[in-house]
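Asks: What shape does this take:
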Amino acid sequence: MKRFKFLPTTEKRNRRSENIDEISTLQIVDLINAEDRLVPPTVAKERRSIAAAIDLITESFRKGGRLFYVGAGTSGRLGVLDASECPPTFGVKPSLVQGIIAGGRGALVRAVEGAEDHAKDGAEAIDKKHVKPIDVVVGLAACGLTAYVLGALKRARRIGAKTIFITCAPESKKHIPAEIIINPVVGPEIITGSTRMKAGTATKLVLNTLTTGAMIKLGKVYGNLMVDLQATNEKLRDRSIRIVMEITGLARPQAKKLLIRAEGKVKPAVVMHYHKVDLRNAVKILDCCDQSLRRAIKEKKQSKT
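Replies: The predicted model follows:
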């Protein structure tokens, strides 16, 4: 049985919910909601560390590096979830952002007991992914003490990769082998130790911000529009048309025809409209502008003045 050398905040009892099994259903809902409202301010307090992590990840991507999330249980599932959402949202390859979870893919849908207890397995997972010095590895552990995650981080540091750690336990910070530690302190859980609740919510908020921030810096967003999305269903195809309409001012029929010529790719379609070029040359223009649609549009507008 695992015994903590010290009791992390995530394992302490929440005095506000000690009688939760004696109150009404509506009171349970209100109490959980009140605890959930504590999460966003704790994430906001970590804004500088989150910004530093975004810059680290962006620099890695620009050098050809990858981002790996490593976690167990809820934390591991959240890492895999965030990684899986990057390709359709930002049009990146699945290999760019990857999630590693203790116990493997099966642990996504069913708990694999004991999988998180072996540091060696975490290290081996890093080796199997052929992590390189230009990559970034983000450890995810609400308590900050998960052996599998710490083993992965130590191996990543030995390789020379950049490391980030997200934990909700301030007591664990001094034991964590990472360059940047993001530590939203959400306090004890409403059900003691159930870190799928506030700690999980905080982790999800941070992960959303890390990848979204990095993709914005890489030019995957124009304004607040996802101009590199993969239109793989009707909803996203309709969104693509609306994005082209919004940026170019074209009517829907014209925007749809333009997207067909651009093979469904929003960013090249917009460049084709402004520069009056075909798809091949639109892609070249974007490459010259480091894939920044704003730069491509701005340069064309300046050339007309």
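
Asks: All the strands of the stretch 1-150 of the chain, in order from the start?
Replies: Taking DSSP state E, counting those that start in this stretch, the strands of the stretch 1-150 of the chain run over residues 67-71, 97-101, 136-140.

Asks: ok, now which ones touch P8?
Replies: For P8, the contact set (CB atoms under 8 Å, 6 or more residues apart in numbering) comprises C143, G144, L145, A169, E171, S172. To be clear about C-beta, it is placed using only N, CA and C from the backbone, and glycine gets the same treatment.

Asks: for the residues you listed, which one is nearest G122?
Replies: Using CB to CB, L145 comes nearest to G122 of those, at 12.6 Å.

Asks: roughly how far apart are the residue lying closest to the closest one once chain neighbours are set aside and R155?
Replies: The shortest distance from L145 to any residue other than its chain neighbours is 5.7 Å, reached at S172 (CB to CB, 6 or more residues apart in numbering). Separation of S172 from R155 (CB to CB, to the nearest Å): 19 Å.

Asks: name the element I164 belongs to?
Replies: Assigned by DSSP states H and E, I164 falls within strand 162-166.

Asks: Now do the next helix or strand after that strand: which elements does it pack against?
Replies: Per DSSP H and E, the first helix or strand lying C-terminal to strand 162-166 is strand 180-182. Counting contacts by 3 or more CB pairs under 8 Å, 6 or more residues apart in numbering; DSSP states H and E, strand 180-182 packs against helix 47-62, strand 162-166.

Asks: These into CSV, with extra columns for distance to E263?
Replies: Listed next are these as CSV, based on distance: least, CB to CB, whole Å:
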stretch, distance to E263
helix 47-62, 24
strand 162-166, 35
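
Asks: need the helix or strand of this structure with the lowest average pLDDT.
Replies: helix 293-304 (a mean of 80; mean pLDDT, DSSP states H and E).

Asks: what about the longest helix in the protein?
Replies: Assignment by DSSP state H gives helix 198-217 as the longest helix of the chain.

Asks: I'd like to know which elements that one is packed against.
Replies: If you count contacts as 3+ CB pairs under 8 Å, 6+ apart, helix 198-217 packs onto helix 25-36, helix 39-44, helix 47-62, strand 67-71, helix 73-90, strand 162-166.

Asks: Would you format these as TSV with mean neighbour count, mean pLDDT and distance to K5 included?
Replies: Shown next, in TSV, are the helices and strands packed on helix 198-217 (neighbours: other CB atoms under 10 Å; pLDDT from 0 to 100; distance: least, CB to CB, whole Å):
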stretch	mean neighbour count	mean pLDDT	distance to K5
helix 25-36	13	97	27
helix 39-44	16	98	24
helix 47-62	18	98	25
strand 67-71	28	98	21
helix 73-90	21	96	20
strand 162-166	27	98	18
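
Asks: closest to N14 out of those?
Replies: helix 25-36 (7.5 Å).

Asks: got a list of contacts for stretch 198-211?
Replies: 10, 35-36, 38-40, 42-43, 46, 50, 53-54, 57, 67, 69, 74-75, 78-79, 81-82, 85-86, 90, 97, 138, 140, 142, 166, 168, 182, 184, 186-187, 189-190.

Asks: buried ones in that stretch?
Replies: Neighbour counts over stretch 198-211 (16 or more other CB atoms under 10 Å) mark 198-207, 209-211 as buried.

Asks: Can I get those residues in TSV including pLDDT?
Replies: Output for the buried residues of stretch 198-211, formatted as TSV (pLDDT from 0 to 100):
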residue	pLDDT
K198	97
A199	97
G200	97
T201	98
A202	98
T203	98
K204	98
L205	98
V206	98
L207	98
T209	98
L210	98
T211	98
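
Asks: which stretches of the stretch 201-305 of the chain aren't confidently modelled?
Replies: 301-305 (pLDDT under 70).

Asks: Compare the helices and strands packed on strand 180-182 and report which one is nearest to A107.
Replies: Nearest of the helices and strands packed on strand 180-182 to A107, taken as CB to CB: strand 162-166 at 18.5 Å.

Asks: Now do the closest one: everything it contacts.
Replies: Defining contact as CB under 8 Å, 6+ apart, one finds that strand 162-166 is touched by 53, 56-57, 60, 75, 135-141, 144, 153, 156-157, 176-184, 203, 206-207.

Asks: ok, now which ones touch the closest residue to G64 other than its chain neighbours?
Replies: Spatial nearest neighbour of G64, excluding adjacent residues (CB to CB, 6+ apart): I134 at 6.2 Å. With contact taken as CB under 8 Å, 6+ apart, I134 is in contact with S60, K63, G64, G65, A161.

Asks: filter those to the buried ones?
Replies: Using 16+ other CB under 10 Å as the burial test, these include S60, G65, A161 as buried.

Asks: Would you check how far apart the last one and P94 are?
Replies: So the one you mean is A161. Noted for A161: a distance of 19 Å to P94, by CB to CB.
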